[in-house]
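# Got a predicted structure here, sequence first:
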There are 2 protein chains.
Amino acid sequence: MITMKQIAAETGVSVSTVSLVMNNRDQGRVKPETSRAIRRTAERLGYRPNPMARSLRTSRTGMLGFISEEVATTPYAGAIIKGAQDAASSLGYVLLTVSTDGSDRESDQIQALNRYGVDGFLYAKMYDQMVDLPAPLRSRPSVVVNAQEARNRCPSIAPDEFLIGYDATRHLIDSGCRRIAYLGTTQDLPAQTDRRRGYQAALLEAGLPDDPGLVCNVGFNQEALDAVNALMDRTSPDGFFCFNDSRSFYIYQAAAARHLSIGRDISLVGVDNHQVMAETTAPRLTTVELPHYEMGYWAARKLMDLIGDSDAATLPWPETLAPLPPIDAEEPVRIHCQLIAKDSTRADR
Amino acid sequence: MITMKQIAAETGVSVSTVSLVMNNRDQGRVKPETSRAIRRTAERLGYRPNPMARSLRTSRTGMLGFISEEVATTPYAGAIIKGAQDAASSLGYVLLTVSTDGSDRESDQIQALNRYGVDGFLYAKMYDQMVDLPAPLRSRPSVVVNAQEARNRCPSIAPDEFLIGYDATRHLIDSGCRRIAYLGTTQDLPAQTDRRRGYQAALLEAGLPDDPGLVCNVGFNQEALDAVNALMDRTSPDGFFCFNDSRSFYIYQAAAARHLSIGRDISLVGVDNHQVMAETTAPRLTTVELPHYEMGYWAARKLMDLIGDSDAATLPWPETLAPLPPIDAEEPVRIHCQLIAKDSTRADR
DNA sequence: CTGAAAGCGCTAACAC
DNA sequence: GTGTTAGCGCTTTCAG
């Protein structure tokens, strides 16, 4: 590791001058040619500042604390982390990650992050829910990811659940479906109620009846499969909007048993049903993507903004958020869901 | 943040004495009662050392760099991270994570980690493969996770692929299956060849014929499904060993179309088929778990050992690695696969 | 046994 | 314009 001292010696100036130049505080304070000389040797020697030493004076480390629960079980954490990571690293920040499964260890972990001097916190959840920001975070820059802060104590970013239901149903309608079933969950989640509201809104708007017999909320296993079988026998829908992967999977099984082909005989829009269909191609098989990457990205950007990093504003929004895809695609299409950002404009775009 | 200076002032001693005591270097150097007094005020004030300041002198930060590619797409990264995390945090270490998708950014990321002064590196891959440890890591303590270092430049930990095939097949045999199919992948992976060898070994050992007609390597989509359908029509196996999630899924579809029930009519052992069956319960539906968590844990432990932390030896091995489960379970069972650790005894146990 | 002093790499007043 | 100085929190000789 090469230090300012060495640059100073090499260039024949003092350390403070080097410091001024390296921090771009040399406007009108250091003679331009001195500046240039310093920059050149810094370049030549491959100087990189030592963040630790710097933090001792500035109490800013360039590290963001990333707190998430149950990282282990879901694929989504990775995507969120990656998004946050990308935003962070393009501004020279770095992520200090901890996962907290046992709830009591959470405050220990936060302690640890604080000792390491993180500049702020990303508090991520694995599914959209109401959360209380942990007390130790309330006095520090924090952003909630994939959830909503109950008392609006800090910015947060989460999927627009209503729009998910609306877009998915709309997509099925536009593909020609007329009897569209909603296969939801029996769990009491904001996502469940809001997506269903979106589903109904789309039906109404299209002048289609909102037939309660087409709504089916199921749990797991045989019981769920039985319910789906009953639904199909009773109402023979031509399109399905599925709450998640496992729900899509029941449709798959029921359809196979009836020798119905997804995409040919019936259409299906599932939320995040990546796993089930990762390697399947079929028309009229549609995935609503939960934009975990984008949420992570947005949150990190917002956090750096909160911290006071003026460069945060210059960060581009990742291009992956596209408008609704064409409906007649031969390949499975992906609907990118919108986000709701609290405390600022809608996802800032 | 409360500092040594404050403790010194409060106790009426000098900072250096406090330092000695807090680092447990006070044996026979500091009067026991002074030590006790210092410890008491430290306790009372809730003193925690500042790792940044310490690292300035010792050039040890207590941070481990975690490098992984394609974190975004797979659920496994999370599990590995969590394992590493848990091992690390129980010794007071913390994880600095970076993900490198673009290959050229990798060295930048490593640079960044180095500037932050990480004590060593975990280099994780998303599937078992041969890797070359990146050059900048070769001179630093490093451990390869879920892959094998081509030139044995550093310790590594990876699943025992042969044993996966053997255990899975053995499990099917023990459950009464006699015509066991292997549904593999057409990709050229070490996992594919080794698992298949294990499959054959188990058959031979049980005196069952190794019928090539029962081995079926497929790619994706309709083509794969067709192959599976053909396989079932041709040989009607009573048990399946599936390479991964998507392969299991094809069996599911083919079975449903024949009104066969997994668990009742046919048995299935799939590797890591968590996603497909996460919420399914059925007897004779078995998952071979790839112990990502354990690999992360082992690797972090090994790394801290490499770094020279003597406490690393005291870390317990996580209990989750259990022996083969009973075969007549009513619930789906999980087979925990064994690990192969290079450069030390087999997974240290 | 304990404290004074130097220094890790860097920043920020304040002189010159 | 540039250098001197002090100090962030901690460790580590070295005196006493």
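Sure, I can see it. Numbering: from 1, shown residues only, chains lettered A, B, ... in the order given.
# okay, now residue A:175: neighbour count?
Using other Cβ atoms under 10 Å in any protein chain shown as the criterion, residue A:175 is surrounded by 18 other residues. C-betas here are computed from N, CA, C, even on glycine.
# Over to the one 10 residues further on?
Other residues near residue A:185 number 19, with proximity taken as other Cβ under 10 Å.
# Surely it touches residue A:216?
No. Because the distance of 10.3 Å does not satisfy Cβ atoms under 8 Å, residue A:185 is recorded as not touching residue A:216.
# shaky segments in chain A?
In the predicted model of chain A, residues A:70-75, A:102-104, A:273-285, A:318-349 satisfy pLDDT under 70.
# what does it put close to DNA strand D?
Taking Cβ under 7 Å from any atom of the strand as the measure of proximity, chain A contacts DNA strand D at A:12-17, A:20, A:28-31, A:34-35, A:53, A:56-57.
# Of the residues you listed, which ones also sit close to chain B?
With Cβ under 8 Å from any Cβ of the partner chain as the criterion, the members of those in contact with chain B are A:53, A:56.
# So what's the residue count around the residue in the stretch 51-200 of chain A that DNA strand D sits nearest to?
Here the residue of the stretch 51-200 of chain A nearest DNA strand D is residue A:56; by Cβ to the nearest atom of the strand that distance is 3.2 Å. Neighbours of residue A:56 under the rule other Cβ under 10 Å: 16.
# my read: it touches residue B:54, true?
No. With contacts defined as Cβ under 8 Å, residue A:56 does not count as touching residue B:54, sitting 10.6 Å away.
# Just the residues of chain A next to DNA strand D: which are in helices?
Counting by DSSP state H, the members of the residues of chain A next to DNA strand D that fall within helices are A:15, A:16, A:17, A:20, A:34, A:35, A:53, A:56, A:57.
# and the fourth one, how far is that from residue B:214?
Read it as residue A:20. For residue A:20, the distance to residue B:214 under the criterion Cβ to Cβ, to the nearest Å works out to 74 Å.
# before we move on, what about the second one?
According to Cβ to Cβ, residue A:16 stands 76 Å off from residue B:214.
# For these two, indicate the residue with more neighbours.
residue B:214 (22 against 10).
# List the backbone torsions phi and psi for the residue nearest to the more buried one when sequence neighbours are not counted.
Excluding its sequence neighbours, the residue lying closest to residue B:214 (Cβ to Cβ, 6 or more residues apart in numbering or on different chains) is residue B:181, at 4.5 Å. Taking degrees, to the nearest 10, you get phi -90, psi 150 for the backbone angles of residue B:181.
# So residue B:181 sits against residue B:247, correct?
No. With contact defined as Cβ under 8 Å, residue B:181 and residue B:247 do not form a contacting pair (10.5 Å).
# what about residue A:173, which SS state?
Here residue A:173 is helix, with the state taken from DSSP: H, G, I helix; E, B strand; the rest coil.
# What about it, how many residues nearby?
19.
# Spatially nearest residue to it, not counting backbone neighbours?
Sequence neighbours aside, residue A:206 is the residue nearest to residue A:173 in space, at 4.9 Å (criterion: Cβ to Cβ, 6+ apart).
# okay, now that neighbour: neighbour count?
Around residue A:206 sit 14 other residues, with neighbours defined as other Cβ under 10 Å.
# what about it, distance to DNA strand C?
The spacing between residue A:206 and DNA strand C, counted by Cβ to the nearest atom of the strand, to the nearest Å, is 60 Å.
# show me where chain A has strands.
Assignment of strands within chain A using DSSP state E yields the ranges A:63-68, A:94-99, A:120-124, A:130-131, A:142-145, A:148-149, A:156-159, A:180-185, A:215-218, A:239-242, A:267-271, A:285-289, A:333-336, A:339-342.
# can you put those strands in JSON lines and add distance to residue A:168?
Shown next, in JSON lines, are these (distance: least, Cβ to Cβ, whole Å):
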{"stretch": "strand A:63-68", "distance to residue A:168": "27"}
{"stretch": "strand A:94-99", "distance to residue A:168": "31"}
{"stretch": "strand A:120-124", "distance to residue A:168": "24"}
{"stretch": "strand A:130-131", "distance to residue A:168": "23"}
{"stretch": "strand A:142-145", "distance to residue A:168": "23"}
{"stretch": "strand A:148-149", "distance to residue A:168": "21"}
{"stretch": "strand A:156-159", "distance to residue A:168": "12"}
{"stretch": "strand A:180-185", "distance to residue A:168": "9"}
{"stretch": "strand A:215-218", "distance to residue A:168": "14"}
{"stretch": "strand A:239-242", "distance to residue A:168": "5"}
{"stretch": "strand A:267-271", "distance to residue A:168": "4"}
{"stretch": "strand A:285-289", "distance to residue A:168": "5"}
{"stretch": "strand A:333-336", "distance to residue A:168": "7"}
{"stretch": "strand A:339-342", "distance to residue A:168": "16"}
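# For those, please prepare JSON lines with the additional fields distance to DNA strand C.
Below are the strands of chain A laid out as JSON lines (distance: least, Cβ to the nearest atom of the strand, whole Å):
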{"stretch": "strand A:63-68", "distance to DNA strand C": "15"}
{"stretch": "strand A:94-99", "distance to DNA strand C": "16"}
{"stretch": "strand A:120-124", "distance to DNA strand C": "18"}
{"stretch": "strand A:130-131", "distance to DNA strand C": "35"}
{"stretch": "strand A:142-145", "distance to DNA strand C": "24"}
{"stretch": "strand A:148-149", "distance to DNA strand C": "32"}
{"stretch": "strand A:156-159", "distance to DNA strand C": "31"}
{"stretch": "strand A:180-185", "distance to DNA strand C": "52"}
{"stretch": "strand A:215-218", "distance to DNA strand C": "57"}
{"stretch": "strand A:239-242", "distance to DNA strand C": "53"}
{"stretch": "strand A:267-271", "distance to DNA strand C": "46"}
{"stretch": "strand A:285-289", "distance to DNA strand C": "41"}
{"stretch": "strand A:333-336", "distance to DNA strand C": "40"}
{"stretch": "strand A:339-342", "distance to DNA strand C": "32"}
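# Of those strands, which is nearest residue B:142?
Of all the strands of chain A, strand A:94-99 sits nearest to residue B:142, with 18.3 Å by Cβ to Cβ.
# roughly how far out does the closest one sit from the chain middle?
A distance of 16 Å separates the centroid of the chain from that of strand A:94-99, by Cα atoms, centre = their mean, to the nearest Å.
# Got the domain ranges for chain A?
For chain A, whose domains are defined here by automatic domain parsing, the residue ranges read A:4-47, A:61-158+A:291-335, A:161-290+A:339-348.
# touching DNA strand C at all, the first one?
Yep, that's domain A:4-47 we're talking about. Yes. Between domain A:4-47 and DNA strand C, judged by Cβ under 7 Å from any atom of the strand, the touching residues are A:4, A:5, A:15, A:16, A:19, A:22, A:23, A:25.
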